[in-house]
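Colleague: Coordinates for the following, if possible.
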Amino acid sequence: MTDVTLAPWAPQHLPLLIAANTAPMTRHLGGPESDEEIRRRHQRYLRLDGSEGARMYAIQADGEPAGGIGFWPIDHDGEAAYETGWNVLPRWQGKGVAGTAVRALIPLIADEAPPRERLFAHPSVDNAASNALCRGAGFDDLGERDVPFRGVVLRTRVWALALL
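Modeller: Numbering: from 1, shown residues only. So this is what the prediction gives:
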């Protein structure tokens with residue numbers, strides 16, 4: 001079994017963003033970002049501490065960098081909620097790393113952020129692995145929705161999990 005831990009995002013985690021910025025890793029997100037966009041995003045992640053309702057973490061698998069996961073506040077049809085998103089590098093895919101990371105994230109939201117009733121995830125309808133992860137983690141399937149993201153519109157499946 002793989003040992004999965006989450007570490008608050010730190011300066012040494014920039015290589016995780018770079019490694020995840022490939023065409024195969026971003027095919028469900030509209031494609032790779034520029035080097036400048038990646039570096040700006042890394043700086044944003046470093047500023048997040050949970051107090052404003054957002055935080056990013058590096059996923060470690062057996063002590064090695066394996067991906068990233070986080071949460072941030074959203075307005076979902078008038079409801080103040082959180083959203084989560086994640087990525088897991090190819091070497092660690094299919095080993096339960098993402099599912100373990102999502103389950104580890106849920107109590108951290110309660111510990112670090114102002115209370116909100118639900119956590120949402122919006123994986124692409126074509127991302128079978130992420131949709132299966134949401135189902136397995138106990139999220140409710142609320143159907144499909146178009147979501148603007150990084151200058152494109154993604155067709156996503158909407159998943160919701162009660163936090164309170």
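Colleague: C-alpha from now on. contacts and neighbour counts both.
Modeller: Fine.
Colleague: and for the lengthiest strand in the chain, what are the contacting residues?
Modeller: Ranked by number of residues, the top strand in the chain under DSSP state E is strand 64-76. Residues outside strand 64-76 that contact it (Cα atoms under 8 Å, 6 or more residues apart in numbering): 16-17, 20, 53-60, 80-89, 91-92, 101-102, 105, 109.
Colleague: can you check stretch 104-116 too?
Modeller: 5-6, 50-54, 69-71, 80-82, 163-164.
Colleague: try it again with 6 Å
Modeller: Here stretch 104-116 makes contact (Cα atoms under 6 Å, 6 or more residues apart in numbering) with Gly50, Ser51, Gly53, Ala81.
Colleague: Leaving out sequence neighbours, find the closest residue to the third one.
Modeller: Sequence neighbours aside, Ala113 is the residue nearest to Gly53 in space, at 4.7 Å (criterion: Cα to Cα, 6 or more residues apart in numbering).
Colleague: tell me which residues in the longest helix belonging to the chain are buried?
Modeller: Looking across the chain with DSSP state H, the single longest helix is helix 97-112. Within helix 97-112, the residues that count as buried by 16 or more other Cα atoms under 10 Å are Val97, Ala98, Gly99, Thr100, Ala101, Val102, Leu105, Ile106, Ile109.
Colleague: Count the residues that sit near Pro11.
Modeller: Pro11 has 10 neighbours, counted by other Cα atoms under 10 Å.
Colleague: so where do the helices sit in the protein?
Modeller: For the chain, the helices defined by DSSP H occupy 14-19, 35-47, 97-112, 128-136.
Colleague: thinking again about what came up before, list the strands paired with the longest strand of the chain, with their directions.
Modeller: strand 55-61 (antiparallel), strand 79-88 (antiparallel) (DSSP bridges).
Colleague: any idea of the mean pLDDT in that strand?
Modeller: Strand 64-76 comes out with an average pLDDT of 97.
Colleague: Could you check the angle the longest helix of the chain makes with strand 64-76?
Modeller: Helix 97-112 runs at 60 degrees relative to strand 64-76, counting by axes from the mean of the first three to the mean of the last three Cα atoms, to 10 degrees.
Colleague: taking the mean pLDDT, what do you get for helix 97-112?
Modeller: Helix 97-112 comes out at a mean pLDDT of 94.
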